[in-house]
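**Q** Sequence first, then the predicted structure:
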Amino acid sequence: MSPNVLVVGAGPTGLILALTLLRNKIPVRIIEKQSSFQLGTRGCGMQPRTIEMYKLLGMLDDLLEVKADVMPLHKYSSPQGDDPGETIPMVDVLENTPSRPFNTGFMLMQELQEHILRERLEKDYGCQVELSTELRSFEEHDDHVVAHIVKKNSVGEETEETVSVNWLVGADGGRSVVRKGLGIEFVGESVPAVGMVVGDIEGLEGTLDDKIWRTWGDATKRMLSLRPCHKKGKNQFNFFIGGAEINLEKIVSSRDEVVAAINEITGRDDIKFGEIITMNIWRPNIRMVSSFGRGRVYIAGDAAHVHSPTGGQGMNSGVQDAINLGWKIALVDKNLSPPQILESYTQERVPVIASMLEKTTELFRKAFKPTSGDQANEGWRRGYELRQFGVNYRQSPIVVDERYPEQEAVDPYRSGDDGTIRAGDRAPDAPKLKEVVSGASTTLLDIFHAYHHTVLVFVDPSHQAQGTTAGIFDAIRGLPNSKDIIKTVLVLSQQSSLSSSGASQVPADTVLLDTEGFAYKHYAVTEDRLPTVAIIRPDGFIGALVYGVEGVKKYFEKLFL
């Protein structure tokens, strides 16, 4: 089957986008300029909101098998022999709750994350990443995009190819060919005065344990970080070396220079290392675009925003870009939605990224500028907001909120965690739900998926609003292809006595009994406002909070032709 979408770049963002599209039955081709897959740690912090995104895609179990818990940071201000150091918790480990079953993130090497995603693409869809394949240029037309790509063989010989696709998406990093081809300015700043040698190195057996992330020194003179990678079968460490007194070019010149710098900064010569796996000089770039694309060409991840790794937001934000864009392209490509809904990709993601960039830059300046003490320590800590539960699209043009109809200024990065439940917010989970017909136990996160909307209708069929409830299901059944892209769920309160035979007569895909009241509580449903309808988008955000047929119609009229 010929691809409808060409994805350029096979990092986490490109791979997640490809998987999202394929889950939505949209054929994809994904190409990568590099001749081999990326090795090393890179973006390894998996935030709770991203964990939920992986669950929407049916990938969570794969990650949980190989993930590592976030480790504490042990900080030495001088060589270890003279300084016992202090331990700084990177994050507060919080208990999971009924609405947030993944309340604390974990760590997973980017190399391993990408491997898992590639395996899933090939196993489920026969989709393989094409290495040594580079996008050189493209032309956009009203109904398609023509892409000019070049494939290199093992001896460097090039073969040109012209490809026609419905959509082109650049997940091709900070030097994005797609962004440049669109003529979108990458606004921000570089910080050439700050730099680090970063990479991964083999640790010999017995060198250091793998339960603590260690740093020595600070940016005023010399600093070193050694973080265990938790790679199965390997004793491997991610390192960065920097500071005002460090000659980066000298250190990056060889493995021996790296080891010598480690020994000098730690004041130890008993730490033994093997070979360098990856290494380069990193200098911070803090940039973003004002538009994530237009027409039939879009960008995501580092192609649209780059920032300091402090805070662990980069990879996580790229994943959210990909899912936000993927379900919208799918609807338009199926001729179910007008192309205008793709404008909401920029309208939703730009404010989030701008606010997030402000936070990560603040942390970067505390951690890496020539300073020390408590302020520098603050740059290493990961506050609660970095878990991304507060990311919201409350002011999106495609959400409908009858509970809070008045538009107000909000922080797109934090306001979704203000204690209220509104359209545009993350959709809370609810456990201990009973499928009335089958008797099986489930949760809302088990029902939500990245390839359909989920319409939660809170009401009992015996309620006086029974006619309104029937009208809601009738309205949804009248939508084009509703069976494939919309799942309807009737959520009964814990006091309901509806039998399994009665539930089988309800015109919903699933009837759930909220046995512990979590669903009604988490969605703030009250007896005086029944029925309440929460429409959950494929990316796990609330698209609509409404009270009847007209609200449901209003939301889907924004989406569908």
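**A** That came in fine, so what should we check first? Remember, it's a predicted structure, so these values are computed and weren't measured experimentally.
**Q** List the buried residues in stretch 281-295.
**A** 282, 284, 285, 286, 287, 288, 289, 291, 292, 293 (16 or more other Cβ atoms under 10 Å). C-beta coordinates here come from the backbone N, C-alpha and C atoms, glycine included.
**Q** show me what contacts the last one?
**A** So that's residue 293. When contacts are counted by Cβ atoms under 8 Å, 6 or more residues apart in numbering, residue 293 touches 169, 182, 184, 299, 342, 345, 346.
**Q** Quick check: which helices or strands does the longest strand along the chain pack against?
**A** Looking across the chain with DSSP state E, the single longest strand is strand 273-282. Contact here means 3 or more Cβ pairs under 8 Å, 6 or more residues apart in numbering; DSSP states H and E; on that basis strand 273-282 packs against strand 196-203, strand 236-242, helix 255-266.
**Q** To residue 479, which of those lies closest?
**A** Closest to residue 479 of the helices and strands packed on strand 273-282 is strand 236-242 (Cβ to Cβ; 48.8 Å).
**Q** so which of the helices and strands packed on strand 273-282 comes closest to residue 536?
**A** Closest to residue 536 of the helices and strands packed on strand 273-282 is strand 236-242 (Cβ to Cβ; 36.7 Å).
**Q** got the CA positions of that closest one in CSV?
**A** Presented in CSV, the C-alpha positions along strand 236-242 are these (Å, rounded to 0.1, in the frame of the first residue of the first chain):
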residue,chain,number,x,y,z
GLN,A,236,27.0,2.0,31.0
PHE,A,237,27.1,5.6,32.1
ASN,A,238,25.9,8.8,30.6
PHE,A,239,28.4,11.6,31.3
PHE,A,240,28.7,15.3,30.8
ILE,A,241,31.8,17.4,31.5
GLY,A,242,31.9,21.2,31.5
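**Q** neighbouring contacts of it?
**A** Contacts of strand 236-242 (Cβ under 8 Å, 6+ apart): 40-41, 44, 194-203, 208, 219, 222-229, 248, 251, 258, 261-262, 265, 273, 277, 282, 368.
**Q** buried ones in the next helix or strand after it?
**A** Note on strand 236-242: by DSSP states H and E, the next helix or strand toward the C-terminus is helix 248-251. Neighbour counts using 16+ other Cβ under 10 Å place 248, 251 of helix 248-251 among the buried residues.
**Q** Mind giving me the packing neighbours of helix 248-251?
**A** For helix 248-251, the elements it packs on are strand 196-203, strand 236-242, helix 255-266, judged by 3+ Cβ pairs under 8 Å, 6+ apart.
**Q** Domain parsing of the protein, as residue ranges.
**A** Here the domain assignment for the chain is 5-69+105-189+287-364, 71-103+195-282, 400-559, based on automatic domain parsing.
**Q** Which parts of the stretch 251-400 of the chain are helices?
**A** Ranges of helices in the stretch 251-400 of the chain, per DSSP state H, counting those that start in this stretch, are 255-266, 314-333, 343-368, 374-378.
**Q** what's the model's confidence in the third one, averaged?
**A** So the one you mean is helix 343-368. On average, the pLDDT along helix 343-368 is 82.
**Q** and if you look at the first one?
**A** Mean pLDDT, taken over the full extent of helix 255-266, equals 93.
**Q** tell me the angle of it relative to strand 196-203?
**A** 100 degrees (axes from the mean of the first three to the mean of the last three Cα atoms, to 10 degrees).
**Q** and what of the third one?
**A** Our comparison of helix 343-368 with strand 196-203, counting by the same axes, to 10 degrees, yields an angle of 80 degrees.
**Q** how distant is helix 343-368 from the center of its chain?
**A** 14 Å (Cα atoms, centre = their mean, to the nearest Å).
**Q** and that helix, what does it pack onto?
**A** Using 3+ Cβ pairs under 8 Å, 6+ apart: helix 343-368 touches strand 285-288, helix 314-333, helix 374-378.
**Q** between the helices of the stretch 251-400 of the chain, which one is nearest to residue 531?
**A** Closest approach to residue 531 among these (Cβ to Cβ): helix 314-333, 25.4 Å.
**Q** any idea how far that closest one is from the chain center?
**A** 9 Å.
**Q** Low-confidence stretches in the protein?
**A** 1, 43, 81, 192-193, 205-207, 233, 309-312, 360-361, 364-383, 461-467 (pLDDT under 70).
**Q** centroid residue for it?
**A** Centroid-nearest residue in the chain: residue 319, 2.9 Å away (criterion: Cα atoms, centre = their mean).
**Q** ok, so what distance separates that residue from residue 393?
**A** From residue 319 over to residue 393 the distance is 16 Å, taken as Cβ to Cβ, to the nearest Å.
**Q** so what's residue 298 bridging to?
**A** On the basis of DSSP bridges, residue 298 is bridged to residue 169, residue 293.
**Q** Quick check: it touching residue 171?
**A** No. Contact criterion Cβ atoms under 8 Å: residue 298 and residue 171 do not qualify, at 9.5 Å.
**Q** So for these two, which sits in the more crowded spot?
**A** residue 171 (31 against 28; other Cβ atoms under 10 Å).
**Q** how near is the more buried one to residue 135?
**A** Counting by Cβ to Cβ, the gap from residue 171 to residue 135 is 11 Å.
**Q** Between these two, which contacts overlap?
**A** Taking Cβ under 8 Å, 6+ apart as the contact rule, residue 171 and residue 135 both touch residue 8.
**Q** on that earlier part again, which one of the domains of the chain lies nearest to residue 386?
**A** domain 5-69+105-189+287-364 (5.2 Å).
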